[in-house]
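Novice: Fold the stuff below for me.
(chains A and B)
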2 protein chains.
Amino acid sequence: MTIKYPKGSSHLLTSHSKKVSTKKPINFANRGMSFEAEINQTNQYYLDRGIAVIHKKPTPVQIVNVDYPKRSAAVIKEAYFKEASTTDYNGVYKGKYIDFEAKETKNKTSFPLTNFHEHQIVHMEKCLVQEGIVFVLMSFSSIRRYFLVPASLVIEFWSKQNNNGRKSIPLTVIEERGSEIIPGFSPRIPYLETLDRYFGEGDNFK
Amino acid sequence: MTIKYPKGSSHLLTSHSKKVSTKKPINFANRGMSFEAEINQTNQYYLDRGIAVIHKKPTPVQIVNVDYPKRSAAVIKEAYFKEASTTDYNGVYKGKYIDFEAKETKNKTSFPLTNFHEHQIVHMEKCLVQEGIVFVLMSFSSIRRYFLVPASLVIEFWSKQNNNGRKSIPLTVIEERGSEIIPGFSPRIPYLETLDRYFGEGDNFK
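Specialist: The predicted structure follows:
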């Protein structure tokens, strides 16, 4: 039997537990939410199978005020978002340091550089100097295509932009110099397989 | 001239800015504060000189409620501390993946295993499988001695403990199988130099 509730009263059924909030604040950090979830699922897949250890870094937060109620968990009462000084993901795969950022666009023919922040570019450059494997996972959500793009390509366009170059990377360039990731069910975004292909074709992941 | 205020009124002079809080909540996360600051200074030193890119991960926080006031920064009004699923520090040095935890004790003759959490041990094991360089920086604060201790040693004692072994690692064992770090002024805790010594002596950092 299906119980029918009167219209509009469904909120009476929701939990009052503060911890179970399903409200999602509308902020930029959530723009790539579903893409982020796909990557997290992929990383969990790799972790569970001993393929790689790659995690998303926690959102940096400046904690100002914390409440320590008796007999229950500490509650952060006041905190602010801080700017990250790195990219979002890093870890280790076959002895190699892996570092990447995940970005999404609704554009269909190019990837806007406004998706990047100066500190991410600087961090990627520093990791490349240390011989890390550094890239960007790009999602063109409108056309449902994913790419693994070497950091060097993003850095190159970023520098050009600062010298009056174009403000986005054309899809044709990404197709040529990046590598397309064919999404699957599990893992959703098999980016390490794509990386292996790069390595298999010689040491041209630069 | 010195202005004398009546006793007890000094709070009138304190800033009302919520952001400038000097109060430090007494919680476990702050136990290693000064050691943490020393390591952060060291990592900044390495970063500024292009020696390595190693960062402390942000404290993981579950954000429940955020306020978006007009014309000012978003304020996190309710959040909770989450358990980390990794160690605190990672990054890249000479192409190698570096992963470590920093721990402090006031003990003088051994390092208590209560300083570690199961998830940290599991994470270290997984990183070793991926051929990362994994270790613990230990501070014996009472005797002012620092050690770089291979993760394998900690994992070994952790397993023994689960089989009724001792609940701490003797300093004598740490002296023998770890490597002492001689603190300096800048960088404070030159642990990468200690790591180089290990590598210089052959591939015995396991």
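Novice: Show me where chain A dips below the pLDDT cut-off.
Specialist: For chain A, the stretches flagged by pLDDT under 70 are A:1-33, A:199-206.
Novice: name the element the residue nearest the centre of chain A belongs to?
Specialist: The C-alpha lying nearest the average C-alpha coordinate of chain A belongs to A:Ala102 (Cα atoms, centre = their mean; 3.3 Å). Following DSSP states H and E, one finds A:Ala102 within strand A:96-105.
Novice: Tell me which strands the helix or strand just after that strand pairs with, and in which orientation.
Specialist: Once the chain leaves strand A:96-105, the next helix or strand it forms, by DSSP H and E, is strand A:110-112. Within its sheet, strand A:110-112 is paired with strand A:168-170 (antiparallel), according to DSSP bridges.
Novice: How about residues contacting the strand it pairs with?
Specialist: Identification of contacts with strand A:168-170 by Cβ atoms under 8 Å, 6 or more residues apart in numbering or on different chains yields A:107, A:109-113, A:149, A:153-154, A:157. Where C-beta positions appear, they are placed from N, C-alpha and C, glycine not excepted.
Novice: after it comes which helix or strand?
Specialist: Per DSSP H and E, the first helix or strand lying C-terminal to strand A:168-170 is helix A:171-177.
Novice: Surely A:Tyr93 touches A:Tyr191?
Specialist: No. Using Cβ atoms under 8 Å, A:Tyr93 makes no contact with A:Tyr191, being 10.1 Å away.
Novice: The top helix by length along chain A vs strand A:96-105, what angle?
Specialist: Counting residues, the longest helix found in chain A (DSSP state H) is helix A:33-48. Orientation check (axes from the mean of the first three to the mean of the last three Cα atoms, to 10 degrees): helix A:33-48 against strand A:96-105 gives 160 degrees.
Novice: Show me what counts as buried in helix A:33-48.
Specialist: A:35-36, A:38-40, A:42-43, A:45-47 (16 or more other Cβ atoms under 10 Å in any protein chain shown).
Novice: who does it touch, helix- and strand-wise?
Specialist: Counting contacts by 3 or more Cβ pairs under 8 Å, 6 or more residues apart in numbering or on different chains; DSSP states H and E, helix A:33-48 is packed against strand A:53-56, strand A:89-93, strand A:96-105, helix A:191-200.
Novice: Tell me how far it lies from the chain's centre.
Specialist: Put simply, helix A:33-48 sits 9 Å off its chain's centre (Cα atoms, centre = their mean, to the nearest Å).
Novice: related to what we said a few turns ago, more crowded one of A:Tyr93 and A:Tyr191?
Specialist: Set side by side, A:Tyr93 and A:Tyr191 show more neighbours around A:Tyr191, with 26 against 20, by other Cβ atoms under 10 Å in any protein chain shown.
Novice: returning to that earlier point: for A:Thr42, see how far away the residue nearest to the centre of chain A is.
Specialist: Going from A:Ala102 to A:Thr42 by Cβ to Cβ, to the nearest Å gives 10 Å.
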